[in-house]
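Trainee: got a predicted structure here, sequence first:
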Amino acid sequence: MVEVGLTHFLVVSAFLFAFGLYAIITRKNAILVLMGVELVLNAANINFVAFSRYSNYGLNGQLMALFVIVLAAAEAAIALAIVLNIYKTFGHVNVDEIDNLKE
Amino acid sequence: MSESSLISLAVTILLLPLVGFFIVLLFGKRFEHLYKLEVGIISVALLLSIYAGFVKLTSYVNDTIIAQFTWIDLGNVPTIGHLTVNLGIMIDNVTIIMLFVVTLISALVHYFSIAYMKGDIRFSRYFAYLGIFTFSMLGIVIADNLLMIYIFWELVGLSSYLLIGFWYEKKSASDAGMKAFLTNRIGDIGMFIGILILFTNYHTFSFTEIFNHISNGVVPFGSNGWLTAAGILVFMGAIGKSAQMPLHVWLPDAMEGPTPVSALIHAATMVAAGVYLVARIFAMLTADAMLVIAVVGAVTSIFAASIALTQNDIKKVLAYSTVSQLGYMVMALGVGAYTFAFFHLVTHAFFKGLLFLGSGSVIHSMHHEQDMRNMGGLKRKMPITYITFLIATLAISGIPFTSGFLSKDGLLAGTWAFGNLTGHYLIPIIGFTVALMTAFYMFRLVIMTFHGEPRNQHKYDHAHESPKLMTIPLIILASLSIFIFYTPNPVAPADGWFYNWVKAPQTVVPEEARFEFMKSESHEIEGTVNNDSHGGSGSGSATITHSEMYEHAMHAVHYPAMILSIILAGLGILFAFLMYHWKKIDADKLAEKLKPLYNLSYNKWYVDEIYSFLFIERLLDFSRFISWFDATIVDGIVNYSATFTRGVANITGWFDTYIVDGLVNFTAFVSGFVGLSFRKMQTGKVQTYIVYVVFSVIIILLVLRPF
Amino acid sequence: MDFANLHLSLSNILPEISIAVFLMLVVGFDLIFHEDKKLIPYLALLGLIVTGFLVVRNMGITDSAFAVTSMNSGGMVAVDPFSNYFKLIIILASVIVIFFSMSSSEIKAIYKRSGEYYALMYGMILGMILMVSAVDLILIYLSVELLSLSSYVLAGFTKLRNRNSEASLKYIIYGSAASGMMLYGISVLYGLTGATNLFEINNILQTTQINIFTLSFSIILIFVGLGFKLSAVPFHFWTPDVYEGAPLPITAYLSVASKAAALALLIRFVHSTFVGYVDTNGFWDMISVFDWQTLLIVIALFTMTLGNLTALWQKNLKRLLAYSSIAHAGYLLLGLAVLSNAGMSAVMLYFLAYLIMNLGAFYVVMLVSNDNDKESIDDINGLGFSSPLLAVPLSIFLVSLAGIPPTFGFVAKLNLFAAVIDANLITAVIIALLNTVVSVYYYSRLLKHMYFNKIEDTVAAIKVSKTDTTIVLILAGLIIFFGIFFNNVIEFVKNSAQLL
Amino acid sequence: MQGFPLLTLLTFIPIFGMIIVLLLPKSAENNVKYTTLAVTSIQLVLAIVMILNFDYSAGGVFEVSSFQFIEKVAWIQIPDVAFLGTLKIDYFLGVDGLSAPLVLLSTIIFFIATFSSWTIKKSPKGYFAMYLLLNAATMGVFVSLDFFLFFVFWEVMLLPMYFLIGIWGGPRKEYAAIKFFIYTMLGGVFMLITMIGLYFSATEVLADGTQAYTFNLLALMNQNNYLTDGILSPSNPDNWRFMAYIGLFVAFAVKIPMFPFHTWLPDAHVEAPTPISVVLAGVLLKLGTYGILRISFPIFPDITRELMWYIGLFGVINIVYGALAAMAQKDYKKLIAYSSISHMGYVLLGMASLSSVGINGAIFQMFNHGTITAMLFLIVGIIYDRAHTRGLNDFGGLANQMPIYTGFVTVAFFAAVGLPGLSGWVSEALVFVGAFGVESIRTITMIGMLGILLGAGYMLWTLQRVYLGTLPEKWKELKDVDARELAMLVPLTIIVVVLGIFPSFVLNIMTTSVNSLVDFLSTTLN
């Protein structure tokens, strides 16, 4: 039985970060893209909490995680509002088809 | 009369025509008779210069009067010291004689022109131009330094340009003016370089100061070679102005100008300025330089004479004859016959002026017909013109009792002596050959024009003797072509006053650069032996004017030369009569037999064509090339080297297309990894952007290598 | 965690408090006066003026707020001349942009919602003035997010055209991705050092051996977040699209104010975290864990080159100005890349100049597009003849942007390049100067359109209110004035270039 | 004249005039013109006053004490700027023999070009405002003794020129304007780098005894002021000094314009309106050569000596190349433009000699080229106004149709050809005398003399094609010059003739300064 240590958390967080970015880059649907963003934020959160827990760094990390959760919520709210607005104007939420502004 | 008042007199003579020029030019259109002012002014100038000559020759005959003033003061120049550019006036006997010759011929031409130019639309302008010419020519004459000569040298070039192209509506006239100016400029560049060599070394333009430096043993850049070069380069100015080979081409064309102008400028005075210039720098000419000058003169004289043999245009014949005679004078200076060269300059001025005015008279009466083949028998219609013309012809042919005989004989003797002393016999041989040819073509001209039957009856019927205003100048000049004005003894020019007034200056060239016969050792040896009464040294005079050895040699060949030249002149005249008067020899058949030679001569040795092909066309090609090069390559390189400038070339119209293309290339180069273009990168798809960001992070990591 | 002297800390952050209070006032005002929104902008202005006074009051102070006594740290917020300078810059920009908004037809069209508009703007301001003084990674992230969230909304706020929404969407996706990466970087940095306070991190970096690769990775991720705000290449891609899509006042605001905050943050981040000591000549001796200079120079040169070259062929005025602002970010980064007090103060001066000329240019563009609802470069054809009072100031702004004397832009550029040359970065300066020449191209192209291009019919002059004309003229006047008498400005900047 | 701000007035009266012009109502077009005329007349008077009070024995160049009409006020002075130490920029004006003739020239040319501008129809207000701004900037460049100030004026010049060509020019005006703009801007960038480099290399002792970096040109000329490790210090082993010299030279060369940076000139000239061509050729081209004399030479005497052969070579290339290119032109104005390039080559050649005679000749040539080319462009303008074409082959025989005009043409052409008695010759001759006297450039000087011939060639050819021969039927209506045109041509003609005969009027102004410059160049850093 391997004891769960800092490294495991870090690996998980790294994967989350990578998957999050992957989702941001590849998903067509704006909602899914935003979920990718959430993944990235949560990857960072895992880091914060893990570092805070496994080192003698004090509580700053956990504090940060709380802030991030709050901000993520706010960001999601705003993002969803914008996506809604996009749906109203374009009739779809396909991020890669919204490219009128370019060059 | 003091020296300073003589100087002021000379300045007055100089400035009078300039005043005339300005007044007539500015107001000539409004006041029709203003030309009379110019004529009056030139007459006053003539009288003044006669007076000046009288004063100089009576009171200061052996003096050289110099007055200088500072023209430009360059202050205390580093390494040189106080540097000024001075101008000044020098009056010696040569000056005073030239003053007289120039003002006299100028005045006569003025009178002549009143009749000749009557009715021309730019009548008063013409007199204004004559005024500026006279001014410039007098400037050359009285200058005491090379710079001033150069200044007036260019100014006579200007007046020559203006007068040759006087009838500028004719393209040939304006072409000829341009040709004259440009051809002269070529020579002037050389002259200017020569002057620069002297100035660089001596920081002065003044003749006397330069000569002083040289006689003190200071040669340009420490080498006699440079002294020779300076001499030859300054002589290049003379090549241009005096129409020597290879820059002679402008003078025949210059006959496009009004005939009195040809008489004044292109026969009597301006073209002689070259000879005058060489005479001025005579003292500093090295042996090599003199030899070059002699050869140029000799080649020119025979070359031009050979062309004159076959020309049919009366003025062209005279023009080539002028070139030939100028070659004579230059040759004479080259061989050291200073006095006779100058003597010939003066006599030639009178009789060639006369010939041109005479031909003007003929042309005038024939209603501007210049082709001799349309003339003939005119001596009955125009007796005065004929007689005066004949006198001049005799003079130029070197027949005894004429002025030309005196000068030419001395000149030929000089070349012969030179041949004897140095072994360069080709020069005297050419000299004598030219004498024969001169007599021939001049009489050919006289016969074709005045003798025989009229070939164009219509024109002949309308011909008439010219008005007095034209004939009187002819008569005056004709009388000046008689020996008596120069010497009491018609066969011994050395007996005359001229010989005493004009003496060759003492050479200042270092010993080793002189001719063998001019070295002072030989001079000492000869000096003890000979004290000839003909010697120009002027017994008792302190200044030794020329190599005694040369004088002696000249004296030795004086009579043989005289006899030979008379014989040759006679032969020439005989041939002319045989061919054109008595028609014993058919000229046409002869021409047919010597077809190639005849063609060469008739077509002036194709010099114009060769120049045109070799230089003018090539120059124009080259200039077109440069222009193309400029517009395409230089501009192109500058534009294209920086890609962004490329857009400028296309700013209007397809600016964007091009700038974009340019940018695509440029940015591809700059950004390397990013891809083809920034613009393409901006796809509008936000996810693509994030991909870029992710890759950038990786690349930055790789670039910074933090491991 | 006990704070040393909470009272003093609170007094030090009075400007931030003031902004927060006025933010609530604006919201409350909006709720109370349902119909009449006329007074809201004036309230906003008042808040800014009050804040401005508070900042000025803080001017001489070099102190920190919320310092933890138990730790040798600078606390959460630094109150120093540097932050005050940037706060003033932000307030100045905000004031101008409020004037902007008052006359912009786009904002007028959403008159009903203008309460929210100004409230969001206050959110941005609060974020920004916290950014410029934040010395703790937590506060840094929070303030950046505060700024971002408000600006995401504002970018698409008007909803008048499709492009508003599009801009908003792009901005939020790009922005949240970037800030996510930044956050991840922060978390890694936190893991490496165990601290969130910049000074503490500095301490640890100097004393402890740290895995350089991981550290670099985290720093680069943080730099992504800052570079995104600064629109530095290659994190700039959102800029043209969002600038073009957003309403003009917001574009102008984003191009100046948020850039100022990001720049200040970057400077502080670099200076507080990575500088070992400052030598007598004012050069920063960096802790050798990360090659900031190379990174900044490369990024700076790429930024200005790309910005300028791409701006060359833009036809939309806003887009053109967007690329031009990218290019200017390049110059600013180049100044920072010197890593010296000289470079820093040069950047600060440059930013002031940039603020005036860029806002001025946007102002005129807005006035033109108010009139005909277009932003194409062809819409200013003949402006020089139809409305010289707009064209001449615009010309002055453009000339200043191009860096031609006697304008403020020139002085600033000269000062900046002087600092770079002084650091012997000659090649960089030459590239930057060549860039200047390129920029002259497209600026002069605008001049060409205004003055050279024929207008078929005599176009009627653009209707402009007196206030707008006055503001534009004042801005143009300032450009010229500071171009000639830059004594006091440089002196002021010099005094402000002091970090905690 | 102590205390009277003559140079400030000279420089800023046009700015004042510009403000008046801008404030005048749009309807008052004539008042705009008269304002400009008044401004330029005042300037002319001031310049004449300056010359009358000029001390011919004061050297100037590198000594503050022998400059005249000095005005020195601290413009920017900030102690303890982090990296700069004391930042100090002076408002420092003064004239010496190098600048005084050119100040005089500028006032003359601007005065005359005002008349030429009389016919401008398209928004005269803007035109004259720009014109006055250009005037002020030009004047400022000539009188500034502080590098920063110099640079500011230098760059300010760009914009009015850009607008004047771009708005009031011919068909391809935009192209020409932008080309001009970019070229000069590029040059300006090089100057800027050098300026900053110099700033960090030398210090000056201030009044309060502290050392400070300096933009003061005179302080920069004093080699004792350089820091041992300054980037452009003579003692610095890295040869940045050489690069800086090249950069600075390029900046000036663009203005001259020197081959191969000259291609903007023909385009700019062809498209510019007549008065602007007059100003461009008459004054602005001189700024390049003036800059070299004022800045490049005394600040970098060592490099100057090293490179003098190349400068001379480029001078000769300019002479010959410009002349050849001129010969092939079919557009009258382009021909004159190329002739300008050729004539500016003489200036370069004269300067390359580094001798008194040569540099005197060069400055005098600047003056003369200014007046002569101004005349030539006016001449082209007159014919273009009437015939609306500039094709050299479209004309012929104008001498009979427009005799007075042709009279001026003849004077101007022969002055350009370098006919003695007219001013152009004196300066050309001095240039050649000076250049020939220096052994290293003697050979190329002789090649340069080809210019005398080629110049005569294209000028006379033009004279022939346009003025001689027969008049085409379509030009029977052309009128001779009117009073306004006479007012422009007559003064210039008088100057050209008088200076041809009495060159000392202008030469005396500069000789002392030139001598001290030459002395300075040969002794400093040797």
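Mentor: Perfect, I can see it now.
Trainee: please count neighbours and contacts with C-alpha atoms only from this point.
Mentor: Noted.
Trainee: residue D:423 contacts residue D:499, correct?
Mentor: Yes: with contact defined as CA atoms under 8 Å, residue D:423 counts as touching residue D:499 (5.0 Å).
Trainee: flag every residue of chain A that's near chain C.
Mentor: Contacts of chain A with chain C, taken as CA under 8 Å from any CA of the partner chain, map to A:17, A:21, A:24, A:33-34, A:37, A:40-41, A:43-45, A:47-48, A:51-52, A:55-57, A:60-61, A:64, A:67, A:71, A:75, A:78-79, A:82-83, A:85-86, A:89-90, A:98-102.
Trainee: of those residues, list those near chain B.
Mentor: Among the residues of chain A next to chain C, chain B is touched by A:24, A:98, A:99, A:100, A:101, A:102 when using CA under 8 Å from any CA.
Trainee: show me the contacts for the third one.
Mentor: What that stands for is residue A:99. Applying CA atoms under 8 Å, 6 or more residues apart in numbering or on different chains, we find residue A:99 in contact with B:683, B:684, B:685, B:686, C:166.
Trainee: next: the fourth one.
Mentor: Residues counted as contacts of residue A:100 (CA under 8 Å, 6+ apart) are B:684, C:163, C:166.
Trainee: among these, which one lies nearest to residue C:294?
Mentor: Closest approach to residue C:294 among these (CA to CA): residue B:684, at 30.0 Å.
Trainee: and for residue C:32, the neighbour number?
Mentor: Using other CA atoms under 10 Å in any protein chain shown, residue C:32 has 10 other residues around it.
Trainee: quick one: pLDDT of it?
Mentor: If you check residue C:32, the pLDDT there is 87.
Trainee: may I see the buried residues of the helix or strand hosting residue B:461?
Mentor: If you go by DSSP states H and E, residue B:461 is part of helix B:457-462. Going by neighbour count (16 or more other CA atoms under 10 Å in any protein chain shown), the buried part of helix B:457-462 is residue B:460.
Trainee: tell me the first helix or strand C-terminal of it.
Mentor: Following helix B:457-462 in sequence, per DSSP H and E, is helix B:468-479.
Trainee: so which elements touch that following helix?
Mentor: Counting contacts by 3 or more CA pairs under 8 Å, 6 or more residues apart in numbering or on different chains; DSSP states H and E, helix B:468-479 packs against helix B:93-116, helix B:338-365, helix B:383-397.
Trainee: same thing but at 6 Å, please
Mentor: The contact analysis (3 or more CA pairs under 6 Å, 6 or more residues apart in numbering or on different chains; DSSP states H and E) places helix B:468-479 against helix B:93-116, helix B:338-365.
Trainee: would you tell me which one of those is buried the most?
Mentor: Sort the helices and strands packed on helix B:468-479 by mean neighbour count, taking mean count of other CA atoms under 10 Å in any protein chain shown, and helix B:338-365 sits at the top with a mean of 27.
Trainee: ok and it relative to helix B:468-479, angle-wise?
Mentor: 150 degrees (axes from the mean of the first three to the mean of the last three CA atoms, to 10 degrees).
Trainee: now do the helix or strand following helix B:338-365: distance to the chain's middle.
Mentor: Downstream of helix B:338-365, the first helix or strand assigned by DSSP H and E is helix B:378-381. Relative to its chain's centre, helix B:378-381 lies at 35 Å (CA atoms, centre = their mean, to the nearest Å).
Trainee: give me the distance between the closest residue to chain B within the stretch 201-350 of chain C and residue C:189.
Mentor: Across the stretch 201-350 of chain C, no residue is closer to chain B than residue C:213, which sits at 5.1 Å (CA to the nearest CA). Residue C:213 sits 11 Å away from residue C:189, going by CA to CA, to the nearest Å.
Trainee: so who does residue 24 touch?
Mentor: Going with chain A. Residue A:24 sits next to A:33, A:36 when contact means CA atoms under 6 Å, 6 or more residues apart in numbering or on different chains.
Trainee: can you look at chain C instead?
Mentor: Here residue C:24 is in contact with no residue (CA under 6 Å, 6+ apart).
Trainee: hmm, 10 Å instead?
Mentor: Going by CA atoms under 10 Å, 6 or more residues apart in numbering or on different chains, residue C:24 touches C:18, C:30, C:119, C:122, C:123.
Trainee: contacts only, for the nearest residue to the fourth one once chain neighbours are set aside.
Mentor: Spelled out, that is residue C:122. Closest residue in space to residue C:122, ignoring its immediate chain neighbours: residue C:23 at 5.6 Å, by CA to CA, 6 or more residues apart in numbering or on different chains. Taking CA under 10 Å, 6+ apart, we find residue C:23 in contact with C:17, C:29, C:43-44, C:47, C:118-123, C:125-126.
Trainee: circling back: of the helices and strands packed on helix B:468-479, which is nearest residue D:48?
Mentor: Using CA to CA, the nearest of the helices and strands packed on helix B:468-479 to residue D:48 is helix B:93-116, at 42.3 Å.
Trainee: and the angle for that closest one with helix B:338-365?
Mentor: Using the same axes, to 10 degrees: helix B:93-116 against helix B:338-365 is 0 degrees.
Trainee: quick check, pLDDT for residue 93.
Mentor: This is for chain A. So residue A:93 comes in at 87 (pLDDT).
Trainee: I was after chain B.
Mentor: 84.
Trainee: more neighbours, residue D:423 and residue D:499?
Mentor: Neighbour count, other CA under 10 Å: between residue D:423 and residue D:499, residue D:423 has more, with 30 against 23.
Trainee: so who does residue 65 touch?
Mentor: Just so you know, I chose chain A. Contacts of residue A:65 by CA under 10 Å, 6+ apart are A:41, A:42, A:44, A:45, A:46, A:47, A:48, A:49, A:71, C:138, C:187.
Trainee: that was the other one, I meant chain B.
Mentor: So residue B:65 contacts B:3, B:4, B:6, B:7, B:56, B:89, B:90, B:91, B:92, B:93, B:144 (CA under 10 Å, 6+ apart).
Trainee: please apply the same query to residue D:411.
Mentor: By CA under 10 Å, 6+ apart, the contact set of residue D:411 is D:372, D:375, D:376, D:417, D:419, D:422, D:493, D:496, D:497.
Trainee: circling back: mind putting the contacts of residue C:23 into TSV with neighbour count and pLDDT?
Mentor: Converted to TSV, the contacts of residue C:23 look like this (neighbours: other CA atoms under 10 Å in any protein chain shown; pLDDT from 0 to 100):
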residue	neighbour count	pLDDT
C:17	16	92
C:29	18	88
C:43	17	91
C:44	24	91
C:47	24	93
C:118	23	92
C:119	24	92
C:120	24	92
C:121	24	92
C:122	26	93
C:123	22	93
C:125	29	94
C:126	24	94
